[in-house]
Structures are given as structure tokens and as C-alpha cells.
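Q: One predicted model, sequence on top.
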Number of protein chains: 2
Amino acid sequence: MNPLPALMWRNVGIYHIFGANTDVGKTIFATALCRAASALYTGHQTSYLKPVSTGPEDEADARHVKRYATSVTTETLFQWERACSPHLAAKESGQVMQPVPSDDAVLAKITSHVSAYASSPGWLFLETAGGVHSPGPSGTTQADLFAPLRAPVILVGDAKLGGISQTISAFESLKIRGYDVDMVLLLRNAEYDNHVYLREYFASGLARLPVETLAPPPDRVDGDGDRARMESYYESATGEIVKSKILSRLEEKRKARMARLDSMAESASARIWYPFTQQKLLTPDKIAVIDSAHGDFFQILAPGSSPSALQPAFDGSASWWTQGLGHGSSQLSLAAAYAAGRYGHVMFAGAIHEPALTLAETLLCRLDNPRLARVFYSDNGSTGCEVAIKMALRASRVRYGWEAREDLEVLGLRGSYHGDTIGAMDASEPNTFNSEVEWYKGKGYWFDYPTVECSGGEWTVEWPEAMKRDGETGNAKFASLSDVFDLGSRSRGQDVEAYRRYIRGVLEGLKATGRKFGALMLEPVALGAGGMILVDPLFQKTLVDVVRESPHLFGQDVASTTQKSAQSWSGLPVIFDEVFTGLYRLGRFSSASFLHTHPDISVHAKLLTGGLVPLCTTLASEAVFDAFASDRKTDALLHGHSYTAHAVGCLVAVESLGEMMRMEEAGAWDWAKSNGWTGGDVRVQSAKDGDRIVWSVWSADFVGQISRNTAKVTGTWALGSVLVVKMRSKDGAAGYESNSAAKLQEFLRRGDGTPSFIVHSRVLGNVLYIMAGQKTSQETVEGIQKLILEALDV
Amino acid sequence: MNPLPALMWRNVGIYHIFGANTDVGKTIFATALCRAASALYTGHQTSYLKPVSTGPEDEADARHVKRYATSVTTETLFQWERACSPHLAAKESGQVMQPVPSDDAVLAKITSHVSAYASSPGWLFLETAGGVHSPGPSGTTQADLFAPLRAPVILVGDAKLGGISQTISAFESLKIRGYDVDMVLLLRNAEYDNHVYLREYFASGLARLPVETLAPPPDRVDGDGDRARMESYYESATGEIVKSKILSRLEEKRKARMARLDSMAESASARIWYPFTQQKLLTPDKIAVIDSAHGDFFQILAPGSSPSALQPAFDGSASWWTQGLGHGSSQLSLAAAYAAGRYGHVMFAGAIHEPALTLAETLLCRLDNPRLARVFYSDNGSTGCEVAIKMALRASRVRYGWEAREDLEVLGLRGSYHGDTIGAMDASEPNTFNSEVEWYKGKGYWFDYPTVECSGGEWTVEWPEAMKRDGETGNAKFASLSDVFDLGSRSRGQDVEAYRRYIRGVLEGLKATGRKFGALMLEPVALGAGGMILVDPLFQKTLVDVVRESPHLFGQDVASTTQKSAQSWSGLPVIFDEVFTGLYRLGRFSSASFLHTHPDISVHAKLLTGGLVPLCTTLASEAVFDAFASDRKTDALLHGHSYTAHAVGCLVAVESLGEMMRMEEAGAWDWAKSNGWTGGDVRVQSAKDGDRIVWSVWSADFVGQISRNTAKVTGTWALGSVLVVKMRSKDGAAGYESNSAAKLQEFLRRGDGTPSFIVHSRVLGNVLYIMAGQKTSQETVEGIQKLILEALDV
């Protein structure tokens, strides 16, 4: 999708006119509004646009408007002769004459016409066809089709018998797609008085919007008399509109909305305490005011000098790595609303409801890990990781017969990050994020490890100093990323022995010091907040293997009840924090599959709800679960949040996962899989297609190309929807404290010179990353690739 | 509202028939379905119920059904002569004959009729009037009116021009109220072929439901020929229904749903890891299977022997203290859907959106605390409390010039509880919840304090041993709870001096040991998870006062930049954890108002979103905020969750708070305020009405009455929507490990002998509490009071 600015212009009042049904008088109201605007706002331009029209051209709505509101500019963008739903008319016509326009084409044409009208002050009414959900030319219903335009709505209600119902339902269909409905207008009908009921209804609740009426038009008669009677009707209808101040109230609302947008950055700067932000450095002009979002794009307030108040910006951090199905997905919106309507939140201790059970079953089934048997719910990755740690430490404590107050530690990787609550922080080594935090105390040992990057056009695995022995350079080159991930072949090579030797050496050294470890905790494949580091998968797998083979290095099994099944853990419980890397972020349902190994505990959040609401799941094996079984209440895992397994989050997750699984099955990412990545013939054991290859939406060529810009880029990698560019640091600072990626970020934010394409991204010190959503199109990805190449050329 | 079981019976297929519009053929389909059911399911009873009907009685739908499906039982519950919307018909008629039936009356009559039909196997079709949102007799639209019945829906679509839109919108209006739509049926119309489009539309997305059609009925003609043609039409329509297996598919779905409900407890027992639960003690029969919820009531799976599969259970823990506006509020549901549709989740660092800013402004304004200036968002009370601690410790560290790695502690109250993440746990003294948790390490000093209870009919403030000096009994009696809270008068009494002396003594002793404290952290008024303890408000106020007056006891101010404004903190930053006690739970917007004091940091969650989704806000003063200001990124508060300030949560919170504020203004709790509580004349300085009196929905008489049952009850209290009953422990164990409240809980769960009223409650050891929602009716509260009195008599 080509990103378009939403229709908010500083000078022009732009409104969708939607109807609660067909034949409710949309064109009557449009005409009367146009006449009134022309009369009241002299010197302003009043325009009428009918994007999609069906029926004989000489009866077209635009003609009617022009006839009775003569000073108005009118236009019809797509017209089909047959009087039926546009999707049928366009299809029939498409077979003989012109192709059916795509949704993007319709939107682009509207936007371009609006730009032409919108330079000078005025009013613009966009009349839809039929009811809110009448299909547009492609078959997409108009409520969905026009949602990205985000103009406020004048809803023409239904005055007929049954019209109350039609009007409220139409309002709700618009509302759940994020439309702002500014006013309901309808014709008066003395028999049903729908407007009386609707006025009261819409005055309360979420709506709080005004309902106004016009007298019904005269019945149509043939001949010239018709025109005169209509002229006189509009004369009086215009008077009604003026009298009830409809236009000035709309204008007031519009101005208030604009003023609010203009003041939000200042207000936020004064009132909000931002997460992860040194606010002394965040001046209001740097705050992105987000009016709305759709698909991959935010609509951000443009500088005050721009006549178009909003500009689209690609959500380049996938909204802190959460986005999957795009912003404003009506599918997720409806799922959230259904769960809210059916349950609200229902307390979870000792209770069960369908969304929570189905989600648990889906994860247990689809993670395809025979060790996992239990699902614990919490609210975010950080709490989910704390839960994982509590689970693992208890299991180890019981197994090895340690005391409750013993100082237990975790094993992990240098630079790991598991969240911001103290327990999750304590599982990470001292670093930028925690060194200044009161109460933080790192409790663990964190290994060095070999990293993977594309550098100077070559895929390289580089060993840390600690691992190298005499004469070893610790630099291996690979023909492709797939070859790096080909653990089947590599496990027969020399690397694995070096890895084993190093890991075993460290563990033996630790045992000698008497330190006690209760868990091995890893972010599989890639470390996120720690700097977007791609870890050699062979190392991670080897680490898991060695820990499992070496229970004698951790303690002595005193738990006589320990079951020695294939599902029981050995050495230490292994925790995979897949919060960032799992659920298709790297292209596969589970990132554990890249490592050909199964954790005992697995944490999942972020993409879990497709980018809508917070939710986290911590899955564990029955052996870990059993460590809490006792006759004493207080031996239980005494952790739980009020909104544990809230129905809204669970159902949204069920929908999100379902949709991504359907996409995978339907080959939605085939274009990316054939993006230059699958040169190697990497096959793993799993039967699932997605688990057989290593791929990214960012093309292999593109990644190679930027990696060859060695003057600016020290390394890069891409996997799934993630692209990472590590900039050469010029400011001396390293890591998070560096500002070397800021220039690239700034270029992307400024765009390519046109207002149509900018990228809102996040940096981690000298690392810039771009994360697409799971529905981002090839076209959009290619646009961003082009922009990045330009930026690196500057 | 009198709780009713939702309409799911083991033997009978019960369906709402809703129409996408008026005049779409609901009665045609009902008749054909009835005929087909009679033909296919011989020996079963087929019934047709028209709850609300308008128009001449001899043209009534039930008559039509009876005429063409002769073996069917038909009934109309409410009939009005005039052919218009029921709300108009009922109103007109109400003026001359019978009163307009309330929603509860309509539901009760339906339920009672269904019970009569539902004893033997069969089918029952409930035909609504008009469209989904056509108003019922009271004016409530039918989609809202019938929502508590929760029967699955057959939606009759609209085959006419525009009918695609009407059908989809009607579906969405039902869906956001939690209806399960099982099938869409519509008449065929060759001109528009709506069914072709709708079949494809509903096959995908969230719906995934079948669309089936019937041929349209013959045009109506006068005379006897009409009847014969209709008879022949129904003959063939019945054939179509049989052929397309509509009934057997509905039945299959119904049986699958029932089988699922019957198996959920077992599945959950095997797959879910429950929060705060010793699962060894939780057998599947103890797991509540929640099919849905509405208002204050869960619909819980009834024992298999009951013909009605579901029974209503009062949500007596307010779903872990979160519920405010009731389950399934269509207002919150629509708010959630709008935010999802307009934003999804948009990343918050360095960005702002309307719901987050409006919520921040609302809280800052309405908390009415001049110290608070900033709002930080997180996901739940536990994370919000960690954030508060991080804020306070840093502020103290900067003020007193301590090192980053210094061991800082908090001051608090014995038995406080701030959440389950390690940082929040560390702020609580060692107790049942944390003593077995690895990594927990209490970091603080926790004061003893005087508690408040109604005991033996008298309100008593009882001092802890530590406070008593020679000859002091430390037991003060008060005429009313209002008198206990009359801090204006009490601050001139002797208690306050004793409190000051005790607190100062402790603080001086702590100073002598060299320990460093960085925060005073309190749950104002009442301690929640620590055992539902009502603390003497005078003590909490005095504690805050003494800490603020005594900076010399904590450190030496080295921060020359400290502003000495009224808003700056003194001594220690004071944190109020209002997660449980705030936002109307105790009857007031802020529970700080009971203490006549203002914290520097204030944490709010639970009721914040009215009981729908997780969200937490931590508010802080500018002086606390300034402690993080620096030119270094790493001095910032480096805390943040992916879904920080998610739009869905923020907008739902704006709506919830708005609704509760409107309720307060409109006097929605006046019945409770005149519930025997306001004998005293307790007035505080705030002008806001709600802040002037101490009251509860539980009547003062009732509280007195149970407190006089001293054989079973040691003490009790009520405030706002909270009722606490402390049972006399007979099992020797104390606190959380006690089981003495379990018997009372069991009685409430069993109900009063009829299936109509049971209470699902939670206990904390020997404490049973019942928490109403903010919309719970007086009638419901009185019903529960009655049940509790009966239980205590047993």
C-alpha cells in the first residue's frame, strides 16, 4: 500500500457522508449542506465528491447536487451504469471494459482530488454509496475501504420503520473502525419519529453526538414541476440548516480538534512521564502527535506550515516490536469487542473461560514442544519472565534440596534483557539499562558468545575473545545466512567442539566457586534490547545441550520423586524468552525451532496479541509444575495479576495467532521466502513449511548491499520482519549511549523529500533497526529499502 | 436485577431470531424452521416465542407461525395493538392501560416461559421485533435487552438493495455484545444476490459462519388463495431446510458447545497453571466454567444433572477487585473497539495520542492533588508500584547524595502488599505470599498500626501492643465509622499525640542503626491482599505528617537545586498505592481524601479500566520527576513496557472514569449514602460531595448485625463497595493459611436452595470479603446481605 495522508486539512472541512441504509437521503443532505456552505461561507470553495457511483449517469448524485447547488464543484471519480452495488457493477463492467480499481487506486484518486480542492479554505463532502458496509468496487465494504482516510463522518440516519436499528448499527460499524462520527442527520417522519428516540440515544453513552433533522423532500413527480418543487424544498432546507447551526457546529468541532492536535505535544511534554526517555532531551517538537494509525502507518501531525495537517509515517519499530496484523485491524477490533461484550474481564483463579483455554491449547499445540504442558498468564514480557524465573528456581531448589533463602542465580548471555521489573532486571548482567536503577542486583553469570553479522557483503560468525585459543582467529565465513543456521551440517564440524569446551570450562569454574544456579535463560536466536545481536544458533544449542548433560555441575538430585521421562528437565530448567523473537517475528511460530531444541519454560508476549493489548504467556513442563505441588497453599506459585488471562487479550491472541497461521499456510510470505534467502538447502526435521527455511522480508541483496557500505555500516542482519543496521560509531560512545544511528534515524523521519513517505524508527545507540509488521507488503518494504539506501549515500 | 440463568438448556436448542432489518422475513424463517423441526425431530417439542409484538393481534407473528406449523407451541408475551416500535406502542398503551414492563420483567417472563418448555427435548425459537437495535418496551434496544439471555443467534439477513450493509452491521452490533451468531439466513433475490456476497464475507474473518437461503415467499394476495399458496410455499421451504441440513448443523454446533463446556474444567485442570493456587487442592469439580458474564453475574456451568446448563453467580470478588461498570458493558466494549479501530496500539516513547493524554489530564485534574504533575503508564498495579519505588528511591538518593549501589529501604505498614513482581514484593515485609519465593528479600521497615473494626456491634479502634504504654488499653470505641474518619475532630484529641510519639520513636531508633530509607509507601485506608485490614486513618495521616516533618531523620539534603515549593517533598517521597482502594472502590475518586493528605506519588489500576483490560498509572510530582533530569540518557527512568499507554486501555479508562464521575454527580449512590452510614456529620474541606461522607452499599445495620454474631465473627467492616467479614478461626491456623472462612464461602457458592442466586467469592484465610461493582443495585446487595445472614445462622 502506498501510504496516504489522512484527510485532515487545515483550511477545509472534509466529511464522509455515510448512510444508515440505502435511500435514506444522503444526496438530499449533501445538496442542502453544500447550498448552506455556499451561502454562509462566501469566498470559500464548497466541493462535493462522489468517489464511487452506480446507476445511469444522468441520474447520478453529483448531477443532482450540481443542479440544486450550482456554485459547488462536483465530481464523480468512478461511475458504473448499472444501478446496483458497486462491486457487482464494477465486476460486470470489468469484464467488458475497464479493470476493477483496487482499494489503493480508489484511495489514491480521492486523495489526489482532495489535494486539488484543499489549497484554499472551504468545505468538502464525500458521499459514499449505499449503506456503511455496501461493498466498494473491489468488494471491500466502504466502511473498511475508506477507514484510512479518517475524515469525520456525517451519518445520515434512517427515518423509516426499523430505521432506529439501522442507524445505531451503522454508527457502531463506523465506530469500531475508528471513525469519528460528528453528527447524525435524518429526515423527519411523523409516523415513526425515529429522530426523537435517536436524539436521546446518541446524547448519552460513548456517542454524545447531536442529531438534527430536515423535512422530507417532496415526492418525485415527472416533468418540470419536479425541479421547481425541489428548488423550493432546498431553499427551505438550507434555511433549516442555517437555523440549526449545523455547519458552524461542525466547524467548531473541527477547529477544536485541530487546536487539540496542535497543543498535544506541549501538553504531553508537561504532563506525561515517558518510558525509557531522558525528557530533558525531548523537546515538544520531537514528540510525534499520533492522530490515528492504519495498517503499517501512523498519521502524525505535520508541521503547522503544511496545508495537510497529517502525514503518514511507517511504524518502523512495529510499535516497540508488537505489531503483527497492522494498526486498526477491524478483525482484531471486533474480536476485542466480542470478548468485552461476552465476558468483560472474569476472574481467573479457579475459573476457566473459552478464550483462555483455546489460547492455551493453541500455544501448546503449535509450539510443537513435547516438554511444554502448562500455560501461566500474565500481563507483559517482563512479568512473564519473572514468572519463568520463579518457576525455574523453585524446580531447581526442590531438585537439588536447597534452602528457601539460598542465593540462587541464573545462567544467561551477556547483553540479555528480559524486562524492566526488578526480578527480570536481576536476571540480566549490569548494563546501561540497569546500572543506575536502585534495587537492581544482577544475579547470574552471563556467557560471552559468537555473533553473526553480514559485513562487507559476507556472512560472518565472530568468536568472542574469551573463546579463542592460541592461533584461533574465531572468524568463520558463510555463503549465506541459511548456512549459518544449518545446524545439521554444522553439528558435525569443529565449531561445536570449541563451543563445548568453552562452555564446560566456564561451568566447571563456576562450580568451583560454590555459586548455585537455578536456570539457564536465553533469548533464542537474537538479543533484542541488548542491542539487536544475532547470536550463533549453534552456540545457543550447544549451551543448552551442555547444561542438560551436566547435572553434576549444578547440584545433587535429592528429589526422589523426580520423573525421568523425556519431558523432565536435566541440569537446569531451560527458559527461552521468546517475547521478542517468537510468534513469527523471525518468520517462524517459535524461534526455538531455529535451534533444534526444546526449552522447559517458554515466554511469549508482544506479537501474541497481534499488536493490540498487553498479554503474556509463560509455558512450562509438567516437571517444573510439579515442583510447586504440595498440601500447603503457600507452596503454590503465589503470583497473579488482577487481569490474569483477561478475555479481551486472550481472544485477540487467538484471532491474531489464527490469522498468522492462516497466512503462513496460504503462502502470504512466499514473496519474501524467494527474496534471495533460500540459496542454501537448509532443511530441519519439522514437517512444517515455515520451519524449513531462513528468510526475511528484507531482501538478501539489500542486506548485502548495505553491508558493503563499510564506511558507515559495521554490520547488518535481517531475519523475518527484522532488519538491523549497526552504524560505525563516530562519537566515541558505544552501545546504547552512542548517538551514531541518530543521523540515519533523522533522515528517515524527514523522508525522501515528498511528504508521502517517512519512517518513524527507534535506535538502540549505534544500532538502527526497522521492524515490519506481519502484513507489511512487498511494495512498502521495497520503498523503505530504497529510502535506507539513499540515506546511507548521503 | 434479579439474576437469571442464561438460556442454555441441555435438551433444547434455543435460538434468538434477530433480523438485519424490519421486514426481512424473520417470521417466514421462524415458521419454516418450526415446521422442519417438527418434521425431523418427532417426539420432540418445537416451540415459538415472540417476547414482544406490535400490530393487530390477528396479524401477529405467533398466529402466522401457528397457522403454518400447526404442531408447534406458540406464545406471545407482550402484545401491543399499534404497528410501530414497541417502545412507542408500550408508552402509548402505558398511558391508558398497563404500565410499561421493565427490562427485568421482560427477561423474567421469558425465562419463566422457557423453563416450562425446556424440560423435554426440543427446539425453541425466540423471534425478536424489527431490527437488532429496534427498541424494546422500555426503550432499551433489543440487542442490549436480550444480551443477558446469551442464546445463540440465527440472523435473518436483508436480501434487498442495501441489504449487504444492513446484514453486516447487524452482525457487528450483536457481536460486540457477546452474542454468538450461529448462522445467517436470508431470502434469495436474483436481482441483488446479496447471499452470494455475504456467504463469502462471513466465511472469513472473525465470523466464519454459514449463510443459507430460502426462496422468497409468494406475494400476498387477498382471499383464501393466499393460504393455499403459503401452505405450498412452506412445504417447499421446509424441504429446502431439510436439504441444506440447517437444523442438524445448528444441533451439531450446540452439542459441540455443550460438550466443550462439560470438558473445560478437566482441560483447564490439565493445561492451565493457575495464579495464586495450590493446584494439588484444586480438583476439576472446583473449577468454575464461565460461559459468559453480564452485569454483576457470571454464567457458570451448572452440575450435569441440572436441565439448565448454566447458573448465575454473583461475582463476589468483583473479579479480583477490578469490576466497576459490570461485565459485558456495551459502552466499554464500544470504547475498546473504537480505540482498536483508530489506533491499535501505537508506540508511546516520544509520542502522544488522544486517549493517553485525556486520561492523564483527567487523573491529574480529578485526583485534586496539587503535588501531582506527571503520569507514567504501565500494565498493572505491581509494575506501577515498582515504578513508584524506582521514582521515590531515585529522588531520595539525589536529595540525600547517596550512591547508586547503596542499600535503600522503604517504610511501610505491616501486612502491606503491592504486587507480585519481585520489586513490589521486596517492598513488603516477609509474609505468607513471599516467604517461599526465591529472590524475594524484604527491603524495609514496616510499622505496626491501630486497626478499625465493627465488633460486637461497636466500632472500635484497637492499638497494637507496640504502641501501648503502661496502663493504656489502646481500645477506643466510636459511635460510627464516620466518627472514626472525622480526622478534623480527632486531630485535636489525645490519640494523635500517642501516634506521633510512637512513630517518632521508631524512626529515631532506625536512624540510630544507620539504615537508609528512600520512600514511605502506604495503601491508604485499607490493606487489601494483606488481609483486608482497615487501618486507623488518623494513624496513616500522622505517619505521613511525621515523616514530612522529619527530614533530619533520613539524610542530609545535598541537592542544592531542590525547589522548596509547596509541591516539593520533604523527609521522604510519600507513595500511596491506591490500586485497590482508589477510583470509587471505597466510595471516593481517591482514597487519599479520607486521610486529608496528598501523596507525592500515587498508583492507580484495577477500577481504572472499569474491569476490562490491564492498565496502570503512576502519578508523581514534578519534584520527583526532576530527579531524573540530566543530560545523560541513562539517568532517565529506564522503565517501559511494550504496550505502554495502549490506546484500548486508555480510552476504556477515560470512559470508565467518566461514567463513574457522571454516576456520582447524578446521585447514583444516594441510596447507599442514606444507608445508615451518615449519622455523624463528617465533612472534609473538599467541595466535592463524594468526599464529604463515609458510606457503603452494605448497610450500617447489616454490618452491625453480623458483628454481633461474636460466636462466628470476630470483626467486620464495610466501606464503599467492600464488605469484610473476619471469621473466628477454629483450625488454629491464622491469616492466609487459615481455612475458617471456607465454610461461609461454600454456603454462598451453594446458594439459598434455589438455583437463582449463588455467590462466587474469594477468601483470604479467615477473612471473607464481598466486593460489589459500582453499578450493583440495591436489590442485589440486599439479596446478598440476606444470604450472608442465613449463612451465619447455619
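A: On my side now, so go ahead. Residues are numbered from 1 along each chain as shown, chains lettered A, B, ... in the order given.
Q: what mean pLDDT does stretch A:180-188 have?
A: Taken as a whole, stretch A:180-188 carries a mean pLDDT of 97.
Q: So what touches stretch A:781-792?
A: For stretch A:781-792, contacts defined as Cβ atoms under 8 Å, 6 or more residues apart in numbering or on different chains pick out A:314, A:316, A:697-699, A:702, A:705-706, A:709, A:712-713, A:725, A:744, A:747-748, A:751-752, A:757, A:759, A:770, A:772. C-beta: built from backbone N, CA, C; applies to glycine.
Q: per-residue confidence averaged over that stretch?
A: 92.
Q: How about stretch A:429-445?
A: For stretch A:429-445, mean pLDDT rounds to 88.
Q: buried residues in that stretch?
A: A:429, A:431-434, A:436-440, A:442-445 (16 or more other Cβ atoms under 10 Å in any protein chain shown).
Q: now the end-to-end length of that stretch.
A: End-to-end distance of stretch A:429-445 (Cα to Cα, to the nearest Å): 7 Å.
Q: Is there any residue in that stretch that contacts chain B?
A: Yes - Stretch A:429-445 is in contact with chain B by Cβ under 8 Å from any Cβ of the partner chain, via A:Thr432, A:Phe433, A:Asn434, A:Ser435, A:Glu436, A:Val437, A:Glu438, A:Trp439, A:Lys443.
Q: Test my guess that the fourth one contacts B:Glu403.
A: No - applying Cβ atoms under 8 Å, one finds A:Ser435 not in contact with B:Glu403, separated by 11.9 Å.
Q: returning to that earlier point: what would the residues of stretch A:429-445 next to chain B look like in TSV with secondary structure?
A: Below are the residues of stretch A:429-445 next to chain B laid out as TSV (DSSP: H, G, I helix; E, B strand; the rest coil):
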residue	secondary structure
A:Thr432	coil
A:Phe433	coil
A:Asn434	coil
A:Ser435	coil
A:Glu436	coil
A:Val437	coil
A:Glu438	coil
A:Trp439	coil
A:Lys443	coil
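Q: wait, isn't A:Arg548 in contact with A:Pro573?
A: No - with contact defined as Cβ under 8 Å, A:Arg548 does not reach A:Pro573; the gap is 10.0 Å.
Q: The two: which has the busier surroundings?
A: Using other Cβ atoms under 10 Å in any protein chain shown as the criterion, A:Arg548 and A:Pro573 rank with A:Pro573 on top: 30 against 16.
Q: now A:Ser165: how far from chain B?
A: A:Ser165 sits 3 Å away from chain B, going by Cβ to the nearest Cβ, to the nearest Å.
Q: pLDDT at that residue, what is it?
A: 97.
Q: show me what contacts it?
A: B:Asn21, B:Thr22, B:Gly130, B:Gly131, B:Val132, B:His133, B:Ser134, B:Thr141, B:Ala170.
Q: How about the contacts made by the fifth one?
A: Contact partners of B:Val132, counting by Cβ under 8 Å, 6+ apart, are A:Ser165, A:Ser169, B:Phe18, B:Gly19, B:Ala20, B:Thr141, B:Gln142, B:Ala143, B:Ala170, B:Ser173, B:Leu174.
Q: ok, the fifth one - how many residues close by?
A: For B:Ala20, the count of nearby residues is 33 (other Cβ under 10 Å).
Q: dump the residue contacts of it.
A: Going by Cβ under 8 Å, 6+ apart, B:Ala20 touches B:131-132, B:155-158, B:163, B:166-167, B:169-171, B:186.
Q: Show me what A:Ser696 bridges to in the sheet.
A: In this entry, A:Ser696 is beta-bridged to A:Gly720, by DSSP bridges.
Q: show me where the stretch 101-250 of chain A has helices.
A: Counting by DSSP state H, counting those that start in this stretch, the stretch 101-250 of chain A has helices at residues A:103-117, A:142-145, A:163-175, A:194-203, A:225-243, A:246-271.
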